[in-house]
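**Q** Predicted model follows, preceded by the sequence.
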Amino acid sequence: MRRASRLAALTTTALLVGGLAACGDDSSDEGSGGGETFTVEHAFGTTTIEGEPERVATVAWANHEVPLALGVVPVGMAAANFGDDDGDGLLPWVSERLEELDAETPVLFDETDGIDFEAVADTEPDVILAGYSGLTQEDYDTLSEIAPVVAFPEGPWATPWREMIEINSAGMGMADEGEELIASLEQEIDDTVAEFPQLSGRSTMFLTHVDTTDLSEVSYYTPFDTRSAFFEDLGLATPPSVASATTDPEQFSGTISAERIDTLDDVEIIVTYGDQELVDALNADPLLSQMPAVANGAIVLLPDTPLGTAANPTPLAISWVLEDYVTMLADAADKAGAPAA
């Protein structure tokens, strides 16, 4: 697996600037550092931030990866609640990044039952980043009583990785560094995908929440979910059947009756969470076994480990998982046979 250290070489300029931001006085009676006032627009309105924030807190999934990638260690962030195989509250690419920055683990917020507002307040942040999240209006209002909040730009849990970097870095006063980070990741993705031409244009569907005891319905992530949206970065394509079934940009999952499985004849590759038991169930089902991807064995199985977690692209996870993930997809493309006309 590629380590997150690859990112350090790609973002030297951003780290130098970010390192300066991380070195400010973090005493409890200090607010934001010097600099001009700036604003960030998001789904709940406009947030005004006074100067360059020195104490950055993040809530919800993966937002902490943006400041970390830019060399800024948050004062507090959400503990990992999926794919954390060693139980320390950190995903491996985050642990590696903290080691690279020679930083201690920030305060970890337990969000098992929702945002821990008291814990967030205790970190005395200058700004709270939540560009990829499911904040409600009530959550946003409560957090705003603690510090300026940067929420998601459009819909809950629907912020693609580029926009996550853009809006969170803007909230830190580091928009230019955020753009440099995006460019470096795009180049890494392009370089890796170029090694696997068999991926080009392959029609790929992300199955989800598959119940092997009841296959009367097929659930999937829509093109608006970040996992499915990442397929385009990897040279893959959204099946027309999936695209036409989902038009609401706030809908990140959908369901099709197994009786209409013939509508999914354009699916060449399936990506899903599961193991061989799931494959066996699909093959044994008289309807689902007719899907081209199932019949050809063109299935990418993501385990309940950090590898599976990283299929949801985030600033640090992309470099960590990219080569392995693309290789798995390429193996499935080879099994799919000749590309569809």
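**A** Cool, the structure landed.
**Q** Just the helices from the stretch 101-250 of the chain, written as ranges.
**A** Counting by DSSP state H, counting those that start in this stretch, the stretch 101-250 of the chain has helices at residues 117-122, 137-144, 161-171, 175-193, 226-233, 240-245.
**Q** what pairs with whichever strand or helix holds residue 300, and is each one parallel or antiparallel?
**A** Residue 300 belongs to strand 299-302 when assigned by DSSP states H and E. Neighbouring strands of strand 299-302 in its sheet, by DSSP bridges, are strand 269-273 (parallel).
**Q** one step back: nearest approach to residue 45 belongs to which of the helices of the stretch 101-250 of the chain?
**A** Of all the helices of the stretch 101-250 of the chain, helix 137-144 sits nearest to residue 45, with 8.8 Å by C-beta to C-beta. C-beta: built from backbone N, CA, C; applies to glycine.
**Q** Dump that closest one to CSV, restricted to CA.
**A** Below are the C-alpha coordinates for helix 137-144, written out as CSV (Å, rounded to 0.1, in the frame of the first residue of the first chain):
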residue,chain,number,x,y,z
GLN,A,137,-29.7,23.3,11.2
GLU,A,138,-29.8,22.7,15.0
ASP,A,139,-26.3,21.2,14.9
TYR,A,140,-25.0,24.2,13.0
ASP,A,141,-26.7,26.7,15.3
THR,A,142,-25.3,25.0,18.4
LEU,A,143,-21.7,24.8,17.0
SER,A,144,-21.9,28.4,15.9
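**Q** From the opening residue of stretch 154-170 to its closing one, how far?
**A** Stretch 154-170 has an end-to-end distance of 16 Å (C-alpha to C-alpha, to the nearest Å).
**Q** Could you list the buried residues of that stretch?
**A** 156-170 (16 or more other C-beta atoms under 10 Å).
**Q** show me where this protein has strands.
**A** Remark: strands assigned in the chain by DSSP state E are 38-42, 45-49, 56-58, 76-78, 107-109, 127-129, 149-150, 204-206, 217-221, 253-257, 269-273, 299-302.
**Q** Now do the first one against helix 161-171: the angle between them, please.
**A** Just to be clear, that refers to strand 38-42. On the basis of axes from the mean of the first three to the mean of the last three C-alpha atoms, to 10 degrees, strand 38-42 is oriented at 150 degrees to helix 161-171.
**Q** Could you list the domains of this protein?
**A** Per automatic domain parsing, the domain ranges recorded for the chain read 5-191, 197-335.
**Q** Lowest average pLDDT across those?
**A** Looking at the domains of the chain, the lowest mean pLDDT belongs to domain 5-191 (a mean of 86).
**Q** How far off centre is it?
**A** 13 Å (C-alpha atoms, centre = their mean, to the nearest Å).
**Q** follow-up on the earlier one: quick one, which of the helices of the stretch 101-250 of the chain is nearest to residue 204?
**A** Closest of the helices of the stretch 101-250 of the chain to residue 204 is helix 226-233, at 5.0 Å (criterion: C-beta to C-beta).
**Q** now what about that closest one, what contacts it?
**A** 132, 157-161, 186, 189, 193, 204-206, 220-223, 237-238, 242, 271, 311-313 (C-beta atoms under 8 Å, 6 or more residues apart in numbering).
**Q** Please repeat the previous calculation with a cut-off of 7 Å.
**A** For helix 226-233, contacts defined as C-beta atoms under 7 Å, 6 or more residues apart in numbering pick out 160-161, 189, 204, 206, 221-223, 238, 311-313.
**Q** and that helix with helix 175-193, angle?
**A** Interaxial angle of helix 226-233 relative to helix 175-193 (the same axes, to 10 degrees): 70 degrees.
**Q** ok, and for helix 226-233, which residues are buried?
**A** 226-231, 233.
**Q** quick one: contacts for the residue lying closest to residue 242 once chain neighbours are set aside?
**A** Once flanking residues are discounted, residue 242 sits nearest to residue 205: 5.7 Å by C-beta to C-beta, 6 or more residues apart in numbering. Residues in contact with residue 205 (C-beta under 7 Å, 6+ apart) are 220, 239, 242, 267, 270.
**Q** and residue 205, how far is that from residue 245?
**A** Going from residue 205 to residue 245 by C-beta to C-beta, to the nearest Å gives 11 Å.
**Q** and if you look at residue 239?
**A** 9 Å.
**Q** And the two? Which one has more around it.
**A** Counted by other C-beta atoms under 10 Å, residue 239 and residue 245 do not tie: residue 239 has more neighbours, with 24 against 18.
**Q** so the more buried one touches residue 265, yeah?
**A** No. If you go by C-beta atoms under 7 Å, residue 239 and residue 265 don't touch, sitting 9.1 Å apart.
**Q** Residues in contact with the strand holding residue 300: which ones?
**A** With contact meaning C-beta under 7 Å, 6+ apart, strand 299-302 is reached by 269-275, 279, 293, 308, 311, 328-329, 332.
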